[in-house]
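Participant: could you look at this predicted model? Sequence included:
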Amino acid sequence: MQNRRASREAALKAIYAVEVGKNIPQQTTKQILKPLLNNETEAVKFAEKLLLITVDHASEFDTIIDHHIKNWEVHRLAIVDKLILRMAISELLYFDDVPTKVTINEAIELAKQYSTRKSGNFVNGILDAALTHFLKENKINKKGRGLIETSNH
């Protein structure tokens, strides 16, 4: 399988196409995910799950993000930052086999690569606060060793 970073990058591009281009998620799987991931079944499956959960729960995730932003509003966020945060929250809450630390680190790397100079630190801060909240609320259901760790960046 290709690495999951490639799947996350492809998912981010597909989510962007849905959010900004008003594309249909199923179209983006066919037109974006499959070509970017060379039709590699596992990579496409991971990216498609990330795409669908992120799109289906966008308003719920925006509420979570809004709860952890200080002196700012979700609708004013850089679009890529918002999409990366939504994707990471999807992974934290719905991907039982992905360690929380990996999710946060991958989101930081995507933010550094695809958004502004300060986005990595911003994304880290929001996700760290959200993870702490999720842990207090028992919303993280990871299975296996080493799957729940907070990031210490």
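Facilitator: That came through fine.

Participant: can we go C-alpha only for contacts and neighbour counts from here?
Facilitator: Will do.

Participant: could you look up the SS state of residue 111?
Facilitator: Judged by DSSP: H, G, I helix; E, B strand; the rest coil, the three-state class of residue 111 is helix.

Participant: what's the neighbour count on it?
Facilitator: The tally of other residues near residue 111 (other CA atoms under 10 Å) stands at 25.

Participant: likewise the one 3 residues further on?
Facilitator: Around residue 114 sit 15 other residues, with neighbours defined as other CA under 10 Å.

Participant: got it, and residue 137?
Facilitator: Neighbour tally, residue 137, other CA under 10 Å: 9.

Participant: same deal with residue 82?
Facilitator: 20.

Participant: who are the contact partners of residue 82?
Facilitator: By CA atoms under 8 Å, 6 or more residues apart in numbering, the contact list for residue 82 reads 62, 74.

Participant: kindly report the same for residue 92.
Facilitator: Residue 92 touches 98, 100, 103, 131, 140, counting by CA under 8 Å, 6+ apart.

Participant: go with 7 Å
Facilitator: Residue 92 sits next to 100, 103, 140 when contact means CA atoms under 7 Å, 6 or more residues apart in numbering.

Participant: pretty sure the second one sits against residue 88.
Facilitator: Which is residue 103. Yes. Residue 103 is within contact range of residue 88, at 6.0 Å (criterion: CA atoms under 7 Å).

Participant: between the two, who's got more neighbours?
Facilitator: Per other CA under 10 Å, whichever of residue 103 and residue 88 has more neighbours is residue 88, with 27 against 20.

Participant: gap between the helix or strand hosting that one and the chain center?
Facilitator: When elements are assigned from DSSP states H and E, residue 88 belongs to helix 79-94. Here the centre of helix 79-94 is set off from its chain's centre by 3 Å, with CA atoms, centre = their mean, to the nearest Å.

Participant: lovely, talk soon.
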